[in-house]
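A.B. asks: the following block contains a protein sequence and its predicted model.
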Amino acid sequence: MSMLKGTKLYSIFTGTCPVCHQGEMYTEPNAYKTTKILKMNEHCSHCGIKFKIEPSFFYGAMYVSYAVGVAIATAAFVISYFFLNLNRHYTFLVITLTLIATFPFILRVSRNIWINFFLNYNENILKEKQKEG
């Protein structure tokens, strides 16, 4: 994953700060701890960027989660129906179970994608913060 450092994909898949790629966005790195799926740090521990840019900022991530869910459901459909040759009922069951199993992943990745629309990687941010402080 380190070869992607400096790209938006790195921040999206690792859940790190979109600006410095070092600080963690979530208080719990494991998305499958259900009580802490969406608990986020207020600021990046390395560069100090505020993650919740404005109140209700992450409502836009709901639209992204719909697209991510459709992509995952489509992949589950293609694999189960065309490659595994399952009938319609089993294919529907596979899609449903896949979406249930990937729900925490979809929630976090959607938030990561949404924040990466608005914040960009800046490798000099830590140097700038040190000069200010």
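C.D. replies: Perfect, I can see it now.
A.B. asks: Three-state assignment for the residue lying closest to residue 105 once chain neighbours are set aside, please.
C.D. replies: Computed as Cβ to Cβ, 6 or more residues apart in numbering, the closest residue to residue 105 that is not its neighbour in sequence is residue 31, at 5.8 Å. Glycine gets a C-beta too; all of them are placed from N, C-alpha and C. Look at residue 31: counting by DSSP: H, G, I helix; E, B strand; the rest coil, its state is coil.
A.B. asks: tell me the contacts of residue 31?
C.D. replies: 37, 104, 105, 107, 108 (Cβ atoms under 8 Å, 6 or more residues apart in numbering).
A.B. asks: likewise residue 37?
C.D. replies: Residue 37 makes contacts with 31, 104, 107, 108, as judged by Cβ under 8 Å, 6+ apart.
A.B. asks: top of those by neighbour count?
C.D. replies: In terms of neighbour count, residue 108 stands highest of the contacts of residue 37 at 21 neighbours, by other Cβ atoms under 10 Å.
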